[in-house]
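# 3D, please:
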Amino acid sequence: MEEYIVSARKYRPKTFDEVAGQEAITSTLVNAINNNQLAQALLFTGPRGVGKTSCARILAKMINSSIDNDKQDFAYNIFELDAASNNSVDDIRNLTEQVRIPPQLGKYKVYIIDEVHMLSTSAFNAFLKTLEEPPKHCIFILATTEKHKIIPTILSRCQIYDFKRITNKDIVEYLIKICKKEGVEFEAEALDIIANKADGAMRDALSIFDRILSYNNKEITVKDVSINLNVLDQEIYSNSIDLILENKIPELLLLLDSVISKGFEGINYISGLSTYCRNLLISKDEKTITLLDYSDKSKKKIIDQAKKISPEIIINCLELLNKCEINYRSSINQRLLIELTIMQLGSLTLLDQKKKSSFKIIPFEYFINTKIITSSLNPVKIKVEKPKLDIKTSGNSGLSLNSIKTIKNHEFKSNELNVDPEKLPKDEFTE
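Sure thing, here's the model as predicted:
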């Protein structure tokens, strides 16, 4: 029986062309070797599982093989040290003593120090002089996931390469290549879920891939991936949005109950729906569609659904979901909190429709020359003309008694209504 090898080891890149998602770094390293401009101390930093150690090993082999074309492996010129278990001053002193000895074959001895941030401060200080002025036949490649833990004096002596998270698209493409080599059938949406769960780490994606193949070695389906990873697929969130748009609150509550009955926490559903709403929002503009890190098939489904919903509704959804996530931990009845949020979501478009059909606010100026006559049947709007004020003043500077009486009479008359019965509306009042 053939020995089983995990995919992370079996498909570890052997050349820079096989490294996924780090094209900028790999092309820079190749050019540095070809132009003989490679620094003697390199620092590879970035998240876990993105290819730091793999690139260090590929580089170590290329350094000597590019000089001597006799196709030798030169593996004996490569030394790997795990700083997590060799982090004392004595370990570094032993290393510096080995560094002095030149290689028997090839031009360089390459030292790869993994998890270098685990070295103690005294070990770092013992390593400073060697790192600053290494022998001509030595090249150091340091790798770490936590650059901020490395002392500045070490950083200043290294040429730093920042490895980025691998995009979901690159992970999916890499998994598709493996599926084709292994003869495994797959669903694109299933590989999307694996890539999302891996969170930018190819090694994690390959580990998940092996788990799914152990469950079903013939094909990789959305159902199998969802069961094994305990995650909800995009179809559930897509259905939720459709129900929200149709104001189907009972169906939404039943959907939530089915999710919880499968063993998922209610807050996982809320968090996933929040992410899905975010994806819908950025799909509304062509400029931000590039932020969707999904396969083309999954991306098309999101974009098509985004056309059915307004940005205002999406933003309201996000606000309600975010509020629910904030209050979840402190809530005594967490399920009730989630159900209330679901009911509010299902009412959003209904409230929006009511707002559109509501009365417009009438400006105050409208009432200056207008009075409303209401009866038990019909309210009637009547135009009121105020009597003109005609005050005759005498030649004296003060107002006469007659003038004062005229003003008083005007105030009384202004409160009366001059209604022409012929001008009254005949139709019944409606909204």
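# I'd like the average pLDDT over the helix or strand that contains residue 60.
Residue 60 belongs to helix 52-65 when elements are defined using DSSP states H and E. Mean pLDDT, computed over helix 52-65, is 88.
# what about the helix or strand that it is followed by, distance to the chain center?
Going down the chain from helix 52-65, the next helix or strand is strand 78-82, by DSSP H and E. For strand 78-82, the separation from the chain centroid amounts to 37 Å (computed by C-alpha atoms, centre = their mean, to the nearest Å).
# Who are the packing partners of the host helix or strand of residue 315?
According to DSSP H and E, residue 315 maps onto helix 311-328. Other helices and strands packing on helix 311-328, by 3 or more C-beta pairs under 8 Å, 6 or more residues apart in numbering; DSSP states H and E, are helix 234-245, helix 266-282, helix 334-357. Just so you know, the C-beta spots here come from the backbone N, C-alpha and C atoms, and that holds for glycine as well.
# Name the residues that touch the helix or strand just after the first one?
Think helix 234-245. Going down the chain from helix 234-245, the next helix or strand is helix 249-261, by DSSP H and E. By C-beta atoms under 8 Å, 6 or more residues apart in numbering, the surrounding residues in contact with helix 249-261 are 232, 236, 239-240, 243-244, 266, 269, 335, 338-339, 342-343, 345-347.
# As CSV, could you dump the C-alpha coordinates of helix 249-261?
Taking C-alpha atoms only, helix 249-261 is exported to CSV below (Å, rounded to 0.1, in the frame of the first residue of the first chain):
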residue,chain,number,x,y,z
ILE,A,249,-41.1,37.0,8.8
PRO,A,250,-42.5,33.5,9.7
GLU,A,251,-40.4,31.9,7.0
LEU,A,252,-37.3,33.8,8.3
LEU,A,253,-37.9,32.5,11.9
LEU,A,254,-38.3,28.9,10.6
LEU,A,255,-35.1,29.3,8.6
LEU,A,256,-33.3,30.4,11.8
ASP,A,257,-34.7,27.5,13.7
SER,A,258,-33.5,25.0,11.0
VAL,A,259,-30.0,26.5,11.2
ILE,A,260,-29.9,26.2,15.0
SER,A,261,-31.3,22.7,14.9
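# in it, what counts as buried?
Neighbour counts using 16 or more other C-beta atoms under 10 Å place 249, 252-253, 255-256, 259 of helix 249-261 among the buried residues.
# ok, back up a step: report the buried residues of the helix holding residue 315.
Residues 313-314, 316-318, 320-321, 324, 328 are the ones in helix 311-328 that count as buried (16+ other C-beta under 10 Å).
# from the residues you listed, which is closest to residue 4?
Nearest to residue 4 among the buried residues of helix 311-328 is residue 328, at 42.0 Å by C-beta to C-beta.
# For that closest one, give me its contacts.
Neighbouring residues of residue 328 by C-beta under 8 Å, 6+ apart: 267, 270, 334, 337-338.
# Just send the buried residues of helix 249-261 back as a markdown table, with distance to residue 171 too.
Converted to a markdown table, the buried residues of helix 249-261 look like this (distance: C-beta to C-beta, whole Å):
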| residue | distance to residue 171 |
| --- | --- |
| 249 | 38 |
| 252 | 32 |
| 253 | 35 |
| 255 | 29 |
| 256 | 30 |
| 259 | 26 |
